[in-house]
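Participant: For reference, the sequence and a predicted model appear below.
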Amino acid sequence: MQDDLTHECPGKLKAILRGTKSLGFEMASEPKTGTLLKTLAASKPGGQFLELGTGTGLSSAWLLLGMDHRSRLTSVDNDPDAQAVAKSHLGSDPRLTLVCADGEAWLEENRDERFDFIFADAWPGKFLQLESALNLLDEGGFYLIDDLLPQDSWPEGHAPRVQELINEIEAMRGFTSVRMAWASGLMLVVKRARR
């Protein structure tokens, strides 16, 4: 089985990729991660989705492809130039709300919100304020992170931080998780229902 073949892609994917390249943005999620986002999103009909780190909108496009018409996606990023690419190609979708803000501040200001699915693709909600992000997750909700396998773009000394993050998540009560040495290195976390 070839796992790098995709039979269903977002309609705006090529245009977003062109915008990403012209901007010189090098932190975009890869297609394998996108196909997983799409598939998991389909499991949450009428769901509330949160993306921390819009970037140029590649992951947003995959999430929107999997979401039904009742679902809503809030995507937060502090880079207006990158997020402008997402807005130009996805901004007309009524299910999407793009927020240009500092992720840490946004998490603090929205601590009473609840989401069925969180994709944390930025430092806030992942390496910073992990607990704040996980507190936004509803019971049975998914929290997905990527870029856990070594990357050329990692700053020096980043590898230990990644392992610390994984260890911290696995030690948390009330969650179950799986590591996936696939794509850029993923971890899927699910919030358990209270017993």
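Facilitator: All right, it came through fine. Owing to the predicted nature of the structure, the values given are computational and were not obtained by experimental measurement.
Participant: Now do the same contact list for the residue nearest the centre of the chain.
Facilitator: The residue lying closest to the centre of the chain (Cα atoms, centre = their mean) is residue 119, at 2.5 Å. Applying Cβ atoms under 8 Å, 6 or more residues apart in numbering to residue 119 gives the contacts 37, 49, 50, 51, 52, 53, 59, 63, 144, 145. From N, CA and C alone the C-beta is placed, and that goes for glycine too.
Participant: Please flag which of the residues you listed sit within helices.
Facilitator: Applying DSSP state H to these, the entries found in helices are 37, 59, 63.
Participant: number of nearby residues for the spatially closest residue to residue 123 that is not a sequence neighbour?
Facilitator: Among residues not flanking residue 123 along the chain, residue 103 sits closest, at 7.2 Å (Cβ to Cβ, 6 or more residues apart in numbering). For residue 103, the neighbour count with other Cβ atoms under 10 Å is 23.
Participant: now residue 103: how far from residue 179?
Facilitator: Relative to residue 179, residue 103 is positioned 24 Å away (Cβ to Cβ, to the nearest Å).
Participant: For the residue nearest to the centre of the chain, pull up the helix or strand it's in.
Facilitator: Secondary structure from DSSP states H and E places residue 119 in strand 115-120.
Participant: And the next helix-or-strand element following that strand, what does it pack against?
Facilitator: Counting by DSSP H and E, the next helix or strand C-terminal to strand 115-120 is helix 130-135. Helix 130-135 is packed against helix 103-109, helix 158-171, with contacts defined by 3 or more Cβ pairs under 8 Å, 6 or more residues apart in numbering; DSSP states H and E.
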